[in-house]
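> Everything below, folded, please.
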Amino acid sequence: MIRAGRRDFVQSSADLAKAMGLALGTFRNRKPYAAADFPAPVSPVGAKTMLWDGEQTAAFLAGAPVPALPEGDDDEDLLERIEAAAVLGVAPDTWNHYKRDPRIAPHLVSVKGVEHCPRRILRAFREAPAQVAGAHRPKGSGDMVPRDELDARVGELLETDPALTLARVQDELGIAYSTAARVVPRLRGVRIADLVAGEEGLSLEQAAERLGYPSVVRRAAIARAVTELRSRHLQSYVQEVADALAAEGLAERQDVAVVQVGDDVVAAAVVLSSTAPVPALVWDERWGWRTAANRRHPIGRETGQAPEGEGIRYLSSDRRPAPQEILAAVYDGRTGTSRPPG
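Here you go, the predicted structure:
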């Protein structure tokens, strides 16, 4: 977390790399922050984006004693999503739903592109959790759950019942069987991946057993966990390209999410600025980088087929080209093809 009064000291990976005289890609590859005596990040374990306290890192790089951060919880501490979820006693996926509550949403702050919530807001909210908008729908109400709330709602059910059946999800949330069959295994996979990533030597099967998942659902959940872990591994590459686009002024600094778009496929989108030559870029592990004509929904609906049409241009025959190649291709509209590389 970012302790009260420390917001101005926060450093991103790009800030720290610059302070160390390293290119961001070199910084990510070398991971100098992994050294045993390097100041710990202020981000929680499992956070997708790492942040540090700049006063601590500056002292370390200067060979001076590293000052300690304030101890003890303060109402003005800023908590990242994993920490906010822990304060409320829910899973991080559930926090994604809670944070839209009008008692929380206006108070969220972005620090170096990472969303945080003040501790005082969480404490006040925790005293009256039953007012969460849309929570605890009556059984059999038949209300359709909005897509952006689906993970959080299903996650709440899975959190209390590891053996959750698709029929119960249908009954309680009023969603289609095909939707439940898509969401539940994926969320189980995310939880398995979280455990495996946080505990060296833990197998996928052991994680599934620890989470209490019945043997009949483990195969599908483990398959999704494999995809989830792969997406996390690929995220650093996509983030490197996004950072290069931001450094060039083609995009705002953003934390790029690598998401599952098919049964075993991951992709990511980088929204570009209004002055960029194209609205957005999409990376798909099947076809590499392409332009997108839609800034709001750049990835689009998954059909199993490579998107084609107006505004879509595949930028490289290499599925993971260097960031500079992507920058050049964005500027040069003649680069690339209207169809994906073979």
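> got any ranges where the chain has weak pLDDT?
128-145 (pLDDT under 70).
> Can you tell me which residue is spatially central in it?
Compute the mean C-alpha point of the chain, and by Cα atoms, centre = their mean the closest residue is Ala257, 4.5 Å away.
> could you pull out the strands for the stretch 101-250 of the chain?
109-111, 114-118 (DSSP state E, counting those that start in this stretch).
> Buried residues in stretch 40-48, which are they?
41-44, 47-48 (16 or more other Cβ atoms under 10 Å). Quick note: C-beta positions are derived from backbone N, CA and C, even for glycine.
> so can I have CSV of the residues you listed showing distance to Thr26 and secondary structure?
CSV is the format used below for these (distance: Cβ to Cβ, whole Å; DSSP: H, G, I helix; E, B strand; the rest coil):
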residue, distance to Thr26, secondary structure
Pro41, 19, coil
Val42, 23, coil
Ser43, 21, coil
Pro44, 26, coil
Ala47, 22, coil
Lys48, 20, coil
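> Could you single out the nearest of the residues you listed to Ser274?
Lys48 (25.9 Å; Cβ to Cβ).
> what's near enough to touch the closest residue to that closest one other than its chain neighbours?
Leaving aside its chain neighbours, Lys48 sits nearest to Asp255 (6.2 Å; criterion: Cβ to Cβ, 6 or more residues apart in numbering). Residues in contact with Asp255, defined by Cβ atoms under 8 Å, 6 or more residues apart in numbering, are 48-49, 113-114, 239.
> what do you get for Val109?
Neighbours of Val109 in contact, by Cβ under 8 Å, 6+ apart: 78, 115-118.
> again, only using 6 Å
His116 (Cβ atoms under 6 Å, 6 or more residues apart in numbering).
> ok, what's across the strand from it?
His116 (DSSP bridges).
> Got phi/psi on Ala268?
Dihedral pair for Ala268: phi -150, psi 160, per degrees, to the nearest 10.
> Quick check: it touching Val282?
No - under the criterion of Cβ atoms under 6 Å, Ala268 makes no contact with Val282, lying 7.2 Å away.
> So for these two, which sits in the more crowded spot?
Neighbour count, other Cβ atoms under 10 Å: between Ala268 and Val282, Ala268 has more, with 25 against 21.
> now the more buried one: how far from Tyr331?
With distances taken as Cβ to Cβ, to the nearest Å, Ala268 is found 21 Å from Tyr331.
> what do you get for Leu61?
From Leu61 to Tyr331 the distance is 35 Å (Cβ to Cβ).
> how about stretch 48-67 as CSV, C-alpha atoms only?
This file holds the C-alpha atoms of stretch 48-67, laid out as CSV (Å, rounded to 0.1, in the frame of the first residue of the first chain):
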residue,chain,number,x,y,z
LYS,A,48,0.1,-6.9,-11.8
THR,A,49,1.9,-3.5,-11.7
MET,A,50,4.8,-3.0,-9.2
LEU,A,51,5.4,0.4,-7.5
TRP,A,52,8.1,1.5,-5.2
ASP,A,53,8.8,4.3,-2.7
GLY,A,54,11.2,6.7,-4.5
GLU,A,55,12.8,7.9,-1.3
GLN,A,56,13.7,4.4,-0.4
THR,A,57,15.1,3.5,-3.9
ALA,A,58,17.0,6.7,-4.1
ALA,A,59,18.8,6.0,-0.8
PHE,A,60,19.5,2.4,-1.9
LEU,A,61,21.0,3.6,-5.2
ALA,A,62,23.1,6.2,-3.4
GLY,A,63,24.5,3.6,-1.0
ALA,A,64,22.8,5.3,1.9
PRO,A,65,20.7,3.7,4.7
VAL,A,66,17.2,3.0,3.4
PRO,A,67,14.6,4.9,5.4
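> elements contacting the helix or strand harbouring Trp283?
Using DSSP states H and E, Trp283 sits within strand 280-284. Counting contacts by 3 or more Cβ pairs under 6 Å, 6 or more residues apart in numbering; DSSP states H and E, strand 280-284 is packed against strand 266-271, strand 288-292.
> Which is the succeeding secondary structure element to the last one?
Along the chain past strand 288-292, the next helix or strand (assigned with DSSP H and E) turns out to be helix 323-331.
> Work out the gap between that next one and the centre of the chain.
24 Å (Cα atoms, centre = their mean, to the nearest Å).
> again, but for stretch 279-293
With Cα atoms, centre = their mean, you get 18 Å for stretch 279-293.
> What residues sit buried inside it?
279-285, 287-292.
> Those: which two are farthest apart?
Pro279 and Glu285 (21.4 Å).
> Tabulate the buried residues of stretch 40-48 (TSV), appending distance to Lys31.
Below are these laid out as TSV (distance: Cβ to Cβ, whole Å):
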residue	distance to Lys31
Pro41	12
Val42	17
Ser43	14
Pro44	18
Ala47	15
Lys48	16
